[in-house]
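Asks: my questions are about this predicted structure, shown below with the sequence.
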Amino acid sequence: MSDRVRNAKLPLAVYREVAAHLRLIDGVETDLIPQSSSVFDYDLSQVDSLVIRYRTDDPDGSKHAQVQQVLAYYGDRYGNWDAMAECEQS
């Protein structure tokens with residue numbers, strides 16, 4: 001199972017920090033999806049979205065809760081995350 005979230009104004013360095021922070025959670029992997037716009041806009045992030053994958057089962061939801069806490073921490077500082085369509089595990 002995986003989630004995909006986006007914060008259109010978040011700088012690349014902060015996206016990388018969030019991804020690294022999330023990878024500290026046992027059983028969680030992340031991927032940054034690059035921005036695909038053909039027109040450069042300084043106000044847009046260089047990252048389109050962040051994919052969060054859960055490598056192991058999470059029967060009690062604790063990993064998901066930890067991920068949500070990390071996203072909330074960064075969301076409080078940089079603005080809300082937009083949830084995108086849930087991804088299937090590949």
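Replies: Cool, got the structure. Numbering: from 1, shown residues only.
Asks: against Pro59, how distant is the closest residue in space to Arg55 that isn't next to it in sequence?
Replies: Once flanking residues are discounted, Arg55 sits nearest to Gly27: 4.8 Å by C-beta to C-beta, 6 or more residues apart in numbering. For the C-beta atoms, the positions are set from N, CA and C on the backbone; glycine is no exception. For Gly27, the distance to Pro59 (C-beta to C-beta, to the nearest Å) stands at 12 Å.
Asks: these two: which has the busier surroundings?
Replies: Gly27 (13 against 7; other C-beta atoms under 10 Å).
Asks: who touches the more buried one in this structure?
Replies: Taking C-beta atoms under 8 Å, 6 or more residues apart in numbering as the criterion, Gly27 is in contact with Tyr54, Arg55, Thr56, Asp58, Lys63.
Asks: ok, of those, which come out buried?
Replies: Tyr54, Asp58, Lys63 (16 or more other C-beta atoms under 10 Å).
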